[in-house]
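Asker: let's see this in three dimensions:
(one chain, ligands or ions: 1)
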Amino acid sequence: MEMIRLDRVTFCYREIPVLKEADLLMEQGDYVVLTGENGSGKSTLLKLILGERKPQKGQIRLLQKEILQALKEGKVGYVPQNSISQNASFPATVQEVMRTGLYRKVSRFQVGRERQICLDMLERLGMAETFHKKIGELSGGQQQRVMLARAMAGDPKLLILDEPTAGVDAVSVETLYRLLEEWNKEGLTILLVTHDDPAECKGATKILRMKQGRITEV
Ligand SMILES: Nc1ncnc2c1ncn2[C@@H]1O[C@H](COP(=O)(O)OP(=O)(O)OP(=O)(O)O)[C@@H](O)[C@H]1O
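Answerer: As a prediction, the model looks like this:
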């Protein structure tokens, strides 16, 4: 099944072209690492895939559907770049942040079960002890891990990550890449944007590079 498909997508911010007739095809089970220099358009590409921006030309399909339709079905997990506040008094706890990731599925879960799913996923990421803590009191790397746990608790078919290792220590980076490899082997399709050496992303099935508005295979 096609998980992400871009056909000749062109996108400009005002007059500045970022994507120029770019194509991309990701199949179910792919683990794609997307690299490229600063400003090459990686985050913009993710915004287009997630429907936050619209291309001026070309077509994008997610899970063989219109983007908004696919997102509504809750099968796409997204870990944004440095998304949480560094403000220690930010009012939400880890538990509350995790639960916002499940709101589309909430009718299907008992409340107790929902809590258990969140806890299990935090545990898998070595973060169970943070469940009741305020998210703003965690380090940047810990917050990133909570956001990954949040995305995975929703049991996505496609996981999109935007530089998840920024500010994360080496041991945690290794753990993260091991988990991604494991999840991919269990059937999860992954699109990972990173500045890390793609060789660190064990088990990746494809390495792509954004350059001059195009996406090419390395
Ligand atoms: N909101 C915006 N308005 C105008 N130009 C923008 C906007 N966001 C990004 N750009 C420009 O679009 C280009 C691509 O930016 P983008 O953030 O997608 O790159 P990136 O590959 O994700 O970079 P990085 O590796 O630094 O995260 C850059 O030239 C950037 O300056």
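Asker: low-scoring stretches of this structure, by residue?
Answerer: 83-89, 103-111 (pLDDT under 70).
Asker: near the ligand, which residues of it show up?
Answerer: Residues of the chain lying near the ligand by CB under 6 Å from any ligand atom: 13, 16, 18, 36, 38, 39, 40, 41, 42, 43, 44. From N, CA and C alone the C-beta is placed, and that goes for glycine too.
Asker: quick check on the residue nearest to residue 73 when sequence neighbours are not counted: phi, psi?
Answerer: The shortest distance from residue 73 to any non-neighbouring residue, by CB to CB, 6 or more residues apart in numbering, is to residue 63 (7.5 Å). Backbone torsions for residue 63, taken as degrees, to the nearest 10, come to phi 50, psi 40.
Asker: surely residue 63 meets residue 74?
Answerer: No - Residue 63 lies out of contact with residue 74 (CB atoms under 8 Å); the separation is 11.0 Å.
Asker: more crowded one of the two?
Answerer: residue 63 (21 against 17; other CB atoms under 10 Å).
Asker: domains in this protein, by residue range?
Answerer: According to automatic domain parsing, the chain comprises the domains 1-75+157-218, 82-155.
Asker: among the residues of the chain next to the ligand, the buried ones, what's the ChimeraX command?
Answerer: Buried residues among those (16 or more other CB atoms under 10 Å), as a ChimeraX selection:
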select :18,36,40,41,42,43,44
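Asker: wait, what's in contact with residue 51?
Answerer: 67, 68, 71 (CB atoms under 8 Å, 6 or more residues apart in numbering).
Asker: skip the chain neighbours and tell me the closest residue to the second one.
Answerer: Once its chain neighbours are removed from consideration, residue 68 has its nearest residue in residue 51; the separation is 5.6 Å (CB to CB, 6+ apart).
Asker: wait, is the one you found part of a helix?
Answerer: No - looking at residue 51 with DSSP: H, G, I helix; E, B strand; the rest coil, it is coil, so not inside a helix.
Asker: go through the contacts of residue 51 and name the one nearest residue 156.
Answerer: Nearest to residue 156 among the contacts of residue 51: residue 71, at 10.7 Å, using CB to CB.
Asker: find the nearest non-adjacent residue to the closest one, please.
Answerer: Closest to residue 71 by CB to CB, 6+ apart is residue 51, at 6.4 Å.
Asker: ramachandran coordinates for the one you found?
Answerer: phi 80, psi 10.
Asker: re earlier: which ones among the contacts of residue 51 map onto helices?
Answerer: Under the assignment DSSP state H, the contacts of residue 51 contribute 67, 68, 71 to helices.
Asker: could you single out the nearest of those residues to residue 212?
Answerer: Of these, the one sitting nearest to residue 212 (CB to CB) turns out to be residue 67, at 24.8 Å.
Asker: surely that closest one touches residue 50?
Answerer: Yes - counting by CB under 8 Å, residue 67 does reach residue 50; the two are 7.3 Å apart.
Asker: need the three-state assignment for residue 26.
Answerer: Quick answer, by three-state DSSP: residue 26 is strand.
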